[in-house]
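K.L.:
Got a sequence here, can you build the structure:
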Amino acid sequence: MKNVQPHNWWQTGIIYEIYLRSFQDTNGDGMGDLKGIIRRLDYLQWLGVNIIWVTPFYPSPMKDFGYDISNYTEVDPRFGTMEDFENLLTQVHKRNMKLVIDFVPNHTSNQHPWFKASRQSKENKFSDWYIWKDPVDGKPINNWLSVLGGSAWEWDDNRKQYYYHAFLKEQPDLNLENPDVQNAISDVMRFWLNKGVDGFRIDVLWHLAKDKLFRNNPPNPDYNSSMPDCDRLQQIYSCDRPEVHEIISKFRKVLDEYADRLMMGELYLSFDKCVAYYGKKNDGAHLPANFQLMFLPWKAKEIGCAIKEYESLLPEGAWPNWTIGNHDRARLISRIGEEQLRVAAMLLLTLRGTPTMYYGDEISIPQVPIPVEEQMDPQGLLMPGKNLSRDPQRTPMQWDREEHSGFTTGEPWLRLSEDHRRVNVQLLLLDENSILIFYKRLISLRQGEASLQYGDYDHLSWNEDVLAYVRRAPSYDGFLVVLNLTNKTSAMNLQSFHGIIELSTDRESEGLRVSGDLTVKPNTGMIIRLR
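P.N.:
Predicted structure coming up:
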């Protein structure tokens with residue numbers, strides 16, 4: 001797959017997601033804060049990541065841990081002050097790194113002044129800033145379901161109408177087709193851009209527009225009882241609407257008023273739908289999130305076919321992106337097993353496009369079981385018995401061998417993993433064969449080689465077990481990436497390829513020359529510098 005050499009920082013950089021509550025606490029309240037990120041910037045710089053994405057820090061009742069915002073232009077005291085944020089931004093930029101902040105324009109908290117005003121009457125300035133509908137035969141206008149269970153419509157006694165909420169009832173959806181709302185959101189974006197943020201990660205990007213006729217969603221024939229309740233219906237009218245692209249384009253124009261700013265977008269959509277969010281003229285999101293590696297079977301053939309499909313569907317001039325973990329999905333180790341963690345890291349950091357890492361994956365933090373009585377996540381609490389709580393992948397970062405692993409001097413908001421005294425940054429730094437050092441070496445290689453940063457991607461078909469592809473930029477050394485996604489030994493014929501193993505999950509093989517037949521050990525990945 002051919003591409004023009006990029007020049008934007010977000011095309012050659014590596015994004016590292018920080019779930020703010022769980023990264024580093026500095027005041028002993030058991031929750032991470034902005035000063036905590038500042039304290040750990042040297043670590044992130046050492047690791048080699050250069051784009052930090054921070055989850056919401058705005059004032060919030062915390063019904064959905066900050067994704068229910070009550071003030072878009074302040075900092076919640078639990079996370080610090082505006083001065084702390086400005087200091088964080090200064091310290092990030094001083095290290096030649098970038099800061100991207102989470103932004104939630106789809107909905108607010110029901111404690112936001114806009115919603116409080118909107119529910120007062122049908123005539124005031126804010127009356128149409130949210131989605132209000134009269135009852136039909138005493139019921140909601142349609143059958144739309146909340147992502148977190150039950151009807152997406154909530155009755156309000158003040159207005160004698162229902163309001164729409166795609167998520168919690170405490171998170172009413174804004175009416176983003178209202179020009180006044182678009183202008184208000186644009187002004188909020190300019191507020192943070194004027195502060196100097198380098199971009200936004202837009203939450204639930206595919207939800208921003210709804211069907212104008214508010215038609216019923218049809219039943220989902222593939223639904224089973226283990227799925228979230230909302231999956232009982234195909235959400236074809238409540239999200240991923242054609243009208244959404246006009247809204248996104250308007251937000252993109254705001255970013256384009258400033259030099260070199262980034263718009264990422266959260267999307268849980270198939271490739272063919274995801275790529276539409278680049279915009280018809282690349283005037284949408286720069287990086288519409290590609291989450292397929294978190295859902296595909298961990299098999300070479302399926303992943304190889306998916307990569308080829310994605311590359312073939314990308315619009316002209318669009319830049320790919322990949323991620324293997326985030327705050328909403330189970331930790332990587334629970335999905336593919338410990339033996340494959342380094343192979344997965346090599347895949348993420350050698351594919352064409354911008355990779356996004358999730359905090360703690362570089363030290364293999366596990367999925368931490370949280371007893372029911374300790375669970376905090378509303379998704380799990382509102383749908384008991386379906387094992388949908390996101391708490392297990394949001395547990396505190398494991399920094400050292402102390403009681404709370406250096407995360408806090410108080411009681412952590414969620415328990416740490418039982419092995420935190422063994423799996424932590426402090427100890428892994430001392431082991432040259434640890435997964436943390438492997439990540440460090442892998443990132444260093446990627447960031448130092450043009451072919452791995454922005455070279456072409458050429459897929460090579462080998463067998464059911466091994467995924468292999470070449471990355472090559474003109475005038476630079478190319479690299480053959482070979483990944484065994486199984487616990488079986490596999491044989492390959494390199495045909496016309498000759499080179500030296502530059503980096504491998506099996507460190508003893510590094511420096512060896514390879515050509516002709518190659519034996520690939522189980523759970524092994526290697527990057528071969530081609531000559």
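K.L.:
Show me the shaky parts of the protein.
P.N.:
Counting by pLDDT under 70, the chain shows low-confidence ranges at 1-6, 462.
K.L.:
Show me which positions of whichever helix in it runs longest end up buried.
P.N.:
Counting residues, the longest helix found in the chain (DSSP state H) is helix 179-195. By neighbour count with 16 or more other C-beta atoms under 10 Å, helix 179-195 contains the buried residues Val181, Gln182, Ala184, Ile185, Ser186, Val188, Met189, Trp192, Leu193. C-betas here are computed from N, CA, C, even on glycine.
K.L.:
again with stretch 90-108
P.N.:
Buried residues in stretch 90-108, defined by neighbour count with 16+ other C-beta under 10 Å: 91-92, 97-108.
K.L.:
Straight-line length of it, end to end?
P.N.:
28 Å (C-alpha to C-alpha, to the nearest Å).
K.L.:
and what of stretch 98-110?
P.N.:
32 Å.
K.L.:
Is it possible to get TSV of the buried residues of stretch 90-108 that adds secondary structure?
P.N.:
Converted to TSV, the buried residues of stretch 90-108 look like this (DSSP: H, G, I helix; E, B strand; the rest coil):
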residue	secondary structure
Gln91	helix
Val92	helix
Met97	coil
Lys98	strand
Leu99	strand
Val100	strand
Ile101	strand
Asp102	strand
Phe103	strand
Val104	coil
Pro105	coil
Asn106	coil
His107	strand
Thr108	coil
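K.L.:
Looking at the residues you listed, spot the one nearest Ile324.
P.N.:
Val100 (18.3 Å; C-beta to C-beta).
K.L.:
So the closest one is in contact with Gly265, correct?
P.N.:
No. If you go by C-beta atoms under 8 Å, Val100 and Gly265 don't touch, sitting 11.7 Å apart.
K.L.:
Need the overlap of contacts for these two.
P.N.:
Arg201 (C-beta atoms under 8 Å, 6 or more residues apart in numbering).
K.L.:
Val204: which of the buried residues of stretch 90-108 is nearest?
P.N.:
Nearest to Val204 among those, with distances taken as C-beta to C-beta, is Asn106, at 5.0 Å.
K.L.:
That closest one: what's it in contact with?
P.N.:
For Asn106, the contact set (C-beta under 8 Å, 6+ apart) comprises Ala166, Asp173, Leu174, Leu176, Asp203, Val204, His207, Leu208.
K.L.:
coming back round to it: mind saving the C-alpha coords of the longest helix of the chain as CSV?
P.N.:
Taking C-alpha atoms only, helix 179-195 is exported to CSV below (Å, rounded to 0.1, in the frame of the first residue of the first chain):
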residue,chain,number,x,y,z
PRO,A,179,-26.6,26.0,15.2
ASP,A,180,-26.5,27.6,18.7
VAL,A,181,-25.3,24.3,20.2
GLN,A,182,-22.7,23.9,17.5
ASN,A,183,-21.4,27.4,18.1
ALA,A,184,-21.3,26.8,21.9
ILE,A,185,-19.3,23.6,21.4
SER,A,186,-17.0,25.3,18.9
ASP,A,187,-16.3,28.1,21.5
VAL,A,188,-15.4,25.4,24.1
MET,A,189,-13.0,23.9,21.6
ARG,A,190,-11.4,27.3,20.9
PHE,A,191,-11.0,27.8,24.7
TRP,A,192,-8.8,24.8,25.0
LEU,A,193,-7.0,25.3,21.7
ASN,A,194,-6.2,28.8,22.9
LYS,A,195,-4.7,27.2,26.0
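K.L.:
what about that helix, distance to the chain center?
P.N.:
Its chain's C-alpha centre and that of helix 179-195 lie 23 Å apart, by C-alpha atoms, centre = their mean, to the nearest Å.
K.L.:
After it, which helix or strand is next?
P.N.:
strand 199-202 (DSSP states H and E).
K.L.:
Report all helices and strands that that following strand contacts.
P.N.:
strand 98-103, helix 244-256, strand 262-265 (3 or more C-beta pairs under 8 Å, 6 or more residues apart in numbering; DSSP states H and E).
K.L.:
report the angle between the axes of the first one and helix 179-195?
P.N.:
If I follow you right, that is strand 98-103. Relative orientation of strand 98-103 versus helix 179-195 (axes from the mean of the first three to the mean of the last three C-alpha atoms, to 10 degrees): 150 degrees.
K.L.:
Next SSE downstream of strand 98-103?
P.N.:
Going down the chain from strand 98-103, the next helix or strand is helix 113-118, by DSSP H and E.
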